[in-house]
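Peer 1: Give the three-dimensional model of this entry:
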Amino acid sequence: FVYCFCYLFCCPEIDSMRRRGKELLLLALTFVALLLVDGTANVLGANIRKNVVLFIADDLRPQMNKAYGVDFMVTPNFDKFAEESLVFERTFCNFAICSASRNSFLSGRMPDKTRTWNFINHFRQAGLSDGIPGSEWVSLPEYFKNNNYTTLGHGKLYHPNKPPQWDEPKSWSQTQKYFPPTNSNCSPNHAGGAVGTWFCPDHTSPIQAFSDQNVTVEAIDTLKNLVSDYKATGQNFFIGLGLHYPHMTHHVPLSYVEKYPKATTLHPPTHPYSPKDCPDVAFTAELDGINVLALNEDLEGLKETSPDNVTGVFSVLSPAPNNNTVPMWMQQQLRVGYYSAVTLTDMHFGMFMDALEESGVANDTLVVVMADHGYQLGEHSEWGKHTNWELAVHVPLMIRAPWLPQSRGKRTDAFVELIDMYKTVAGASGLGIEGVAKDVDGMDQSYLLINPSSAPLKNFTFTQYSRCPGKRFWPRVISGQPSFVWNNCEDVPSGNISYMGYSVRSLEYRYTAWYKWNGDLCRVDFSTDPYATELYSHVNHSSYPVDFDNFENVNIVGNAQFEHVVKALHTILVAHYTPTQQSSCPPPLSGGLTPLPNNEIVMQRSLLHDGFDSCLCGTQQCLSKNSKYNYTVTSHEGYLPSEGTSGTTELYQYYNEEAGDNLITTSKMPPQNYTLADNLNPAGFVFKTQPSSIKTVPLQLWYSAKKRDHCTCSSIKCLSWLRADGSYELIDAALGHVATKRQQVGAAMEVF
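Peer 2: Numbering: from 1, shown residues only. Next up is the predicted model:
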């Protein structure tokens, strides 16, 4: 409360904020009065707890017809829902990438507390808040489970494996197992879609072949079972349904594409270039994580709108800040792919809502519709999220509470953040927030369901994003590569992030400051000058209908007339983020990987590469993945120390797709054209130096230029094979050391 008071009356900010200050202060005093009377923060005052349905769509920006005024969109089910709900017009995520965003709002902690800025860490392993580790946090669904709700999840709620096993059993009741996502992609099996294409209309596959169909059917079955229990015993339920779409790639029925006019008749981006005078670090020179856009222009639904001289697979490289490489007709096609995926998402949402209506308990059920972050469809030359700009962080949010008719069909322009969802869902359901842990961030915005025209609790929203050099993954810096090439850091170890951009949005401006990242402490130093800054005007930016084109196109941070705005917003940004920062990096992690029995490591070789791809495996996941490609075990290589053992360092597994070569090394700087292997890292741990009390052997790295094969091994059998082959050269005689006996590795945890 004091924090808000200082913002409103002590900070030399924008005049319009001060004008709203007294109204906000009165609202805050009302809340205090409620707390004194009730002893609870549940402003709804409901005595009966309601059921909850949490619906999360991936990459869904406010691209809806009636809810957000995009009148050409075909979203009949979202339209109907908007007429029955409170539509939040100004909702923003706190980190515009799937895992970081979901780890944040489902744990109720800001990203610098979850310490999840990539696809490596997760809050259970890395989280730290007020000295409490994330392993002890109570997640949003877990809060309901701990309060006697049956909580069951389906699809993409958490990011896959972040946390592992969808956070079972902590978040979810075990009356049935979590039902994972069912995704389809553009491939040769789907209407001739070439591998790597973004959009492939399909007029032959049954509906079951498309993303989200099966998971929606499963969620409906769950609903029926839980409704039966609710009617019989009053047992409340919390159902989570996460849909993959409209995340790329867009494998959609042709009939959904045909719901829209021809692509070339639809509105293209008005500003298809990066904002004028924006720093390169603000721009991500990739396309939702890849550097090539491709479409098969021979497909029905595409060939009708491509130029006459374009056939087959047409591809372009990623745009540069001031050089949009994507032809306008292709941009229009890609946008129709997204639109049709939104309409397919709308259909699946409607399937579930029809089942809820038929169940007879819709009036007792809170339904929340939201997304994990926004999306850019060619605006600013971006195709994806991965920025701090408005379109990447602006998300749809609608909440239906039938027992509060004053919210039906209404809308609010109050600022809301996804970090508010934990307390807001708890408050709106009647469960209340009095049991919520003190370190949970965000505010309970459920009071807006009582009076949608109430003064907002927030005058600012906050988001952040990381940047790393080179094309996707880390590090992939190519000699002569332009300086603007920055990636989204999704597979970069947290200690190796290069920059973090922190952004604050007021009613009239967005200000962003980029800072150098301290890889030893995994934080920035706000007392230093920013590496780069941005300021964009949102003066006269109406919240309805949504405007995807006319704002954040010019960086005005260098304009002297806005110096006072920059100073004020910088002060607010630093004051907000300083308390959320920790002073250490996340601990080493196994990434949810399962070590082989007794921490054994084995050598495998694959026949797919003429018997010459060698791969050192120390986890069940590595063996499982390799089994699909005819790898066989050829030798036993020793035993690894356990995670957390002192005096150890990580092994990393990298892959060169063109050479078909796995590389296992301790280096954090892989050779050119190698990328971090998905979901297989760290590959294990080795002793940095030879322990005096344990019998170990060195782990050596060899390479054959003839076979284009790296081989990491330690056994006499493997080393003898390498020497006998004659084409391998020793690259590193001791990457580290591994034990020869399992029991000695166990003793090492006590010795060091």
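Peer 1: hey, let's count contacts and neighbours off CA atoms from now on
Peer 2: Will do.
Peer 1: show me where the stretch 551-700 of the chain has helices.
Peer 2: Assigned by DSSP state H, counting those that start in this stretch, the stretch 551-700 of the chain shows helices spanning 563-577, 620-627.
Peer 1: Please dump the ones you listed into TSV; it should also carry mean neighbour count and mean pLDDT for every row.
Peer 2: Output for the helices of the stretch 551-700 of the chain, formatted as TSV (neighbours: other Cα atoms under 10 Å; pLDDT from 0 to 100):
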stretch	mean neighbour count	mean pLDDT
helix 563-577	17	98
helix 620-627	16	75
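Peer 1: So for residue 385, which of those helices sits nearest?
Peer 2: Of all the helices of the stretch 551-700 of the chain, it is helix 563-577 that lies closest to residue 385, at 21.6 Å by Cα to Cα.
Peer 1: Report all helices and strands that that closest one contacts.
Peer 2: Judged by 3 or more Cα pairs under 8 Å, 6 or more residues apart in numbering; DSSP states H and E, helix 563-577 is in contact with strand 499-505, strand 509-516.
Peer 1: Report the angle between that helix and strand 499-505.
Peer 2: Going by axes from the mean of the first three to the mean of the last three Cα atoms, to 10 degrees, helix 563-577 is angled at 110 degrees with respect to strand 499-505.
Peer 1: need the helices and strands packed on helix 563-577 in TSV with mean neighbour count, mean pLDDT and distance to residue 247, can you?
Peer 2: Listed next are these as TSV, based on neighbours: other Cα atoms under 10 Å; pLDDT from 0 to 100; distance: least, Cα to Cα, whole Å:
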stretch	mean neighbour count	mean pLDDT	distance to residue 247
strand 499-505	24	97	24
strand 509-516	24	98	26
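Peer 1: For residue 599, which of these is the nearest?
Peer 2: Nearest to residue 599 among the helices and strands packed on helix 563-577 is strand 499-505 (35.8 Å), distances taken as Cα to Cα.
Peer 1: Touching the closest one from outside, list them.
Peer 2: Around strand 499-505, the neighbours that count as contacts under Cα atoms under 8 Å, 6 or more residues apart in numbering are 282, 388, 460-468, 510-517, 524, 569, 572-573.
Peer 1: Let me know the distance separating the residue nearest in space to the middle of the chain from residue 306.
Peer 2: By Cα atoms, centre = their mean, the chain has its centre lying nearest to residue 98, at 1.1 Å. Residue 98 sits 32 Å away from residue 306, going by Cα to Cα, to the nearest Å.
Peer 1: How about residue 704?
Peer 2: 46 Å.
Peer 1: Residue 124 sits in which helix or strand?
Peer 2: If you go by DSSP states H and E, residue 124 is part of helix 123-126.
Peer 1: average model confidence for the longest strand that the chain contains?
Peer 2: The strand spanning the most residues in the chain, taking DSSP state E as the definition, is strand 728-739. Strand 728-739 carries an average pLDDT of 93.
Peer 1: elements contacting that strand?
Peer 2: strand 631-639, strand 684-687, strand 696-704.
Peer 1: taking those strands together, which one is wrapped up most tightly?
Peer 2: For the helices and strands packed on strand 728-739, the largest average neighbour count (mean count of other Cα atoms under 10 Å) is found in strand 684-687, namely a mean of 26.
Peer 1: How far does it sit from its chain's centre?
Peer 2: The chain centre lies 29 Å from the centre of strand 684-687; the measure is Cα atoms, centre = their mean, to the nearest Å.
Peer 1: which residues are contacting that strand?
Peer 2: With Cα under 8 Å, 6+ apart as the test, strand 684-687 has contacts from 590, 618-619, 640-643, 647-652, 736-738.
Peer 1: Show the buried residues in the residues you listed.
Peer 2: 590, 618-619, 640-643, 647-652, 736-738 (16 or more other Cα atoms under 10 Å).
Peer 1: Check which helix or strand residue 395 maps to.
Peer 2: strand 394-400.
Peer 1: and the next helix or strand after that strand, what other elements does it pack with?
Peer 2: Remark: after strand 394-400, the chain's next helix or strand is strand 410-417, criterion DSSP H and E. On a contact count with 3+ Cα pairs under 8 Å, 6+ apart, strand 410-417 meets strand 86-92, strand 461-469.
Peer 1: and strand 410-417, which strands flank it?
Peer 2: strand 86-92 (parallel) (DSSP bridges).
Peer 1: Could you give the bridge partners of the nearest residue to residue 145 once chain neighbours are set aside?
Peer 2: Nearest-residue entry for residue 145: residue 151, 5.8 Å, with adjacent residues in sequence omitted and distances by Cα to Cα, 6 or more residues apart in numbering. For residue 151, the beta-bridge partners are residue 238 (DSSP bridges).
Peer 1: what's around residue 151, how many residues?
Peer 2: Per other Cα atoms under 10 Å, the neighbour tally for residue 151 reads 26.
Peer 1: I'd like the distance between it and residue 572.
Peer 2: 38 Å.
Peer 1: again, but for residue 409
Peer 2: According to Cα to Cα, residue 409 stands 34 Å off from residue 572.
Peer 1: Helices along the stretch 101-250 of the chain, start to end?
Peer 2: All helices of the stretch 101-250 of the chain, identified by DSSP H, counting those that start in this stretch, fall at 111-114, 123-126, 140-146, 213-233.
Peer 1: Going by mean pLDDT, which of those helices comes out lowest?
Peer 2: For these, mean pLDDT drops lowest on helix 123-126, to a mean of 93.
Peer 1: Closest to residue 63 out of the buried ones among the contacts of strand 684-687?
Peer 2: residue 590 (38.3 Å).
Peer 1: residues in contact with residue 106?
Peer 2: 139-141, 158, 421-422.
Peer 1: quick check, nearest of these to residue 226?
Peer 2: For the contacts of residue 106, the nearest to residue 226 is residue 141 (15.6 Å; Cα to Cα).
Peer 1: got the angle for the longest helix along the chain vs helix 213-233?
Peer 2: The residue-count maximum for a helix in the chain (DSSP state H) belongs to helix 328-359. For helix 328-359 against helix 213-233, the angle by the same axes, to 10 degrees is 20 degrees.
Peer 1: So what are the sheet partners of the helix or strand that helix 328-359 is followed by and their directions?
Peer 2: Next along the chain after helix 328-359, taking DSSP H and E as the criterion, comes strand 365-371. Strand 365-371 sits in its sheet next to strand 51-57 (parallel), strand 394-400 (antiparallel), going by DSSP bridges.
Peer 1: what does strand 365-371 rub up against?
Peer 2: By Cα under 8 Å, 6+ apart, the list of residues contacting strand 365-371 reads 50-61, 395-402, 425, 428-429.
Peer 1: before we move on, back to that, export the helices and strands packed on strand 410-417 as TSV, with columns for mean neighbour count, mean pLDDT and distance to residue 561.
Peer 2: As requested, these are exported to TSV (neighbours: other Cα under 10 Å; pLDDT from 0 to 100; distance: least, Cα to Cα, whole Å):
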stretch	mean neighbour count	mean pLDDT	distance to residue 561
strand 86-92	26	98	27
strand 461-469	25	93	23
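Peer 1: can the ones you listed go into JSON lines with extra columns for distance to residue 501?
Peer 2: Formatted as JSON lines, the helices and strands packed on strand 410-417 follow (distance: least, Cα to Cα, whole Å):
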{"stretch": "strand 86-92", "distance to residue 501": "16"}
{"stretch": "strand 461-469", "distance to residue 501": "5"}
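Peer 1: quick one: which of the ones you listed is nearest residue 413?
Peer 2: Short answer: strand 86-92, nearest of the helices and strands packed on strand 410-417 by Cα to Cα, at 5.1 Å.
Peer 1: Lovely, talk soon.
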